[in-house]
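Peer 1: Let's see this in three dimensions:
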Amino acid sequence: MPISTFSRLSTLLAASVLALSAPALAGPNARAEAQALDILKHAITFRSVAGPGNQTPQLAAYFKQQLVAGGFAPEDVTITPVDDTAYLVARYRGSDPKLKPLLLSGHMDVVEARPADWERDPFTPVIENGYIYGRGATDMKFDDALMIASLIDLKRQHFTPNRDVVLVLSGDEETIMKTTQMIAAQFPDAYMLLNGDGGGGSLSEAGKPEYFSLEGAEKAYGDYTLTFTNPGGHSSAPRKENAIYEMAAVLTRIGNHQFTPQLNDITKAYFLAAADRADPKTGAAMRAFATDPTNRQAIATLSADLSQVGHIGTTCVATMVNGGHALNALPQRATANINCRIFPGTSFKQVEDELVRVADDPKMQIHFTDTGTTASPPSPMRADVTAAVREALNVGYKGVPIVPSMASGASDSMWFRVRGVPSYGVAPIFIKDSDDFSHGLNERTQVSNLAPGVAYWNVLIKRLSN
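Peer 2: Okay, the predicted model is just below:
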């Protein structure tokens with residue numbers, strides 16, 4: 001979509017906050033909804049965590065069993081082992097094999113969860129007070145279950161897409177993303193990727209749908225290790241040359257530094273669309289920044305807002321420190337980790353060079369840690385994608401505003417975007433801010449997301465595969 005058209009679309013979205021309806025508690029696809037819940041409950045029981053005992057391959061086998069039982073040919077569902085994990089590719093064949101495939105993306109792995117820390121066992125699904133609890137209940141076995149149940153439901157309907165629809169589920173998104181890179185290499189010419197691990201809906205604390213985030217960009221993730229070394233010595237003879245003090249001075253300079261604020265089409269549309277739902281001061285700052293990203297007052301206001309600071313540019317923050325080797329000795333070595341979320345269009349090297357300049361300590365050594373991420377360009381916010389999402393949302397959340405967004409990073413989408421495949425975070429799960437326990441204790445999601453979620457994926461797949 002041309003930039004001018006996109007700007008008009010974002011302005012229209014910002015101005016068209018319609019009356020919202022609550023999600024349906026029971027949908028028309030009762031069989032698919034029940035199947036999605038059953039798949040979700042079984043998926044949570046698999047401890048698909050990287051390391052010893054990783055059950056991601058077994059989870060992939062379970063998903064394949066469900067897809068084959070639901071009408072997929074066994075040869076169209078492949079599982080590829082990779083180290084201690086695996087990835088799954090399931091092809092729903094279309095009528096025209098010459099057309100580029102539509103990809104549906106998710107991941108099967110989850111972050112570690114220690115049962116002793118949880119109120120309920122994290123790998124035993126529990127439904128209480130309208131919520132399902134368990135590791136992956138939000139991130140992201142819920143959406144895996146929705147996509148699989150919806151594809152099986154489309155098979156029952158004897159639906160034939162024009163282009164192939166391919167479900168790609170990675171096995172190490174939460175760690176090194178090796179499987180994602182392998183999948184992306186298989187589909188460099190895909191038509192589009194719809195990622196269930198991004199975007200999503202926001203509920204007010206009263207449970208009212210507020211807006212839907214359509215994610216078209218994400219920041220890159222970068223870790224930089226800063227190292228300071230000294231000869232050391234006896235603690236009874238302190239000296240100015242001290243690795244811990246030198247590290248502390250550098251960290252203070254980095255903590256006081258702000259990277260140059262940036263704006264792209266996605267974030268500009270986000271600020272314009274979301275400003276009406278912010279408090280007056282923040283809303284005014286969002287509009288001002290969208291108009292002029294050098295506006296100092298707007299930058300100051302948005303920088304002080306934890307929900308907005310990540311949208312205005314690259315951010316870097318110290319997350320870990322380590323120093324010294326004995327209680328009664330001067331430190332010979334001190335290290336710090338600087339975690340950065342890097343705005344699209346900025347390279348890892350550019351951030352490293354800026355950290356070196358700000359540190360202003362020629363003795364400091366800096367090392368970029370390759371964590372399996374990459375910088376990726378934003379995807380165009382296409383009118384056909386927005387229209388399809390609008391139609392799919394209207395089944396359960398009629399009139400909810402759609403807000404373009406950029407994620408703080410990082411998801412599987414980046415490995416497809418960097419290959420030129422337009423990728424969008426489109427998860428249909430609506431949650432309250434107070435219910436977001438992804439990666440945390442007692443992860444949970446409202447079960448009422450099942451009915452509108454299945455209907456949403458049915459519509460979205462039909463619309464964008466044809």
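Peer 1: Gly53 contacts Arg47, correct?
Peer 2: Yes: contact criterion C-beta atoms under 8 Å: Gly53 and Arg47 qualify, at 6.3 Å. Every residue, glycine included, has its C-beta placed from N, CA and C.
Peer 1: Between the two, which is the more surrounded one?
Peer 2: Arg47 (19 against 9; other C-beta atoms under 10 Å).
Peer 1: Provide the backbone phi and psi angles at that one.
Peer 2: Arg47 adopts backbone torsions of phi -80, psi 80, taken as degrees, to the nearest 10.
Peer 1: Pull out the buried residues from stretch 447-466.
Peer 2: Within stretch 447-466, the residues scored as buried using 16 or more other C-beta atoms under 10 Å are 447-465.
Peer 1: Could you export it as PDB, CA atoms only?
Peer 2: Output in PDB follows, covering the C-alpha atoms of stretch 447-466 (Å, rounded to 0.1, in the frame of the first residue of the first chain):
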ATOM      1  CA  VAL A 447     -11.800 -19.700  27.900                       C
ATOM      2  CA  SER A 448     -14.400 -17.300  26.300                       C
ATOM      3  CA  ASN A 449     -11.700 -16.600  23.600                       C
ATOM      4  CA  LEU A 450     -12.300 -20.100  22.100                       C
ATOM      5  CA  ALA A 451     -15.600 -19.400  20.200                       C
ATOM      6  CA  PRO A 452     -14.600 -16.100  18.600                       C
ATOM      7  CA  GLY A 453     -11.100 -17.400  18.000                       C
ATOM      8  CA  VAL A 454     -12.200 -20.400  16.000                       C
ATOM      9  CA  ALA A 455     -14.600 -18.200  14.000                       C
ATOM     10  CA  TYR A 456     -11.900 -15.600  13.400                       C
ATOM     11  CA  TRP A 457      -9.300 -18.000  12.000                       C
ATOM     12  CA  ASN A 458     -12.000 -19.600   9.800                       C
ATOM     13  CA  VAL A 459     -12.800 -16.200   8.200                       C
ATOM     14  CA  LEU A 460      -9.200 -15.000   8.000                       C
ATOM     15  CA  ILE A 461      -7.900 -18.200   6.300                       C
ATOM     16  CA  LYS A 462     -10.800 -18.300   3.800                       C
ATOM     17  CA  ARG A 463     -10.400 -14.600   3.000                       C
ATOM     18  CA  LEU A 464      -6.600 -14.500   2.600                       C
ATOM     19  CA  SER A 465      -6.200 -17.900   0.900                       C
ATOM     20  CA  ASN A 466      -8.500 -16.900  -1.900                       C
END
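Peer 1: all helices of this protein, in order?
Peer 2: Applying DSSP state H to the chain gives helices spanning 3-15, 30-44, 56-69, 141-156, 178-186, 243-256, 265-274, 280-291, 296-303, 348-359, 383-393, 413-417, 450-465.
Peer 1: can those go into JSON lines with extra columns for distance to His311 and mean pLDDT?
Peer 2: Output for these, formatted as JSON lines (distance: least, C-beta to C-beta, whole Å; pLDDT from 0 to 100):
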{"stretch": "helix 3-15", "distance to His311": "14", "mean pLDDT": "34"}
{"stretch": "helix 30-44", "distance to His311": "31", "mean pLDDT": "97"}
{"stretch": "helix 56-69", "distance to His311": "33", "mean pLDDT": "98"}
{"stretch": "helix 141-156", "distance to His311": "24", "mean pLDDT": "98"}
{"stretch": "helix 178-186", "distance to His311": "25", "mean pLDDT": "97"}
{"stretch": "helix 243-256", "distance to His311": "20", "mean pLDDT": "98"}
{"stretch": "helix 265-274", "distance to His311": "5", "mean pLDDT": "93"}
{"stretch": "helix 280-291", "distance to His311": "9", "mean pLDDT": "97"}
{"stretch": "helix 296-303", "distance to His311": "7", "mean pLDDT": "97"}
{"stretch": "helix 348-359", "distance to His311": "17", "mean pLDDT": "97"}
{"stretch": "helix 383-393", "distance to His311": "19", "mean pLDDT": "97"}
{"stretch": "helix 413-417", "distance to His311": "17", "mean pLDDT": "95"}
{"stretch": "helix 450-465", "distance to His311": "26", "mean pLDDT": "97"}
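Peer 1: So what's the model's average confidence on stretch 326-344?
Peer 2: Taken as a whole, stretch 326-344 has a mean pLDDT of 97.
Peer 1: ugh, wrong one, I meant stretch 105-112
Peer 2: For stretch 105-112, mean pLDDT is 97.
Peer 1: Now that stretch: buried residues?
Peer 2: By neighbour count on 16+ other C-beta under 10 Å, the buried set for stretch 105-112 is 105-110.
Peer 1: What is the nearest of those residues to Thr175?
Peer 2: Ranked by distance to Thr175 (C-beta to C-beta), the buried residues of stretch 105-112 are led by Asp109 at 7.2 Å.
Peer 1: His234 contacts Leu330, doesn't it?
Peer 2: Yes: if you go by C-beta under 8 Å, His234 and Leu330 touch, sitting 7.0 Å apart.
Peer 1: Tell me which of those two has more neighbours.
Peer 2: The neighbour comparison of His234 against Leu330 (other C-beta under 10 Å) goes to Leu330, with 21 against 9.
Peer 1: Identify the residues contacting the more buried one.
Peer 2: Leu330 makes contact with 230, 232-235, 237-239, 242, according to C-beta atoms under 8 Å, 6 or more residues apart in numbering.
Peer 1: got the buried residues for stretch 426-436?
Peer 2: Burial within stretch 426-436, assessed by neighbour count using 16+ other C-beta under 10 Å, is assigned to 426-431, 435-436.
Peer 1: so how far does it reach from one end to the other?
Peer 2: Using C-alpha to C-alpha, to the nearest Å, the end-to-end distance of stretch 426-436 comes out at 17 Å.
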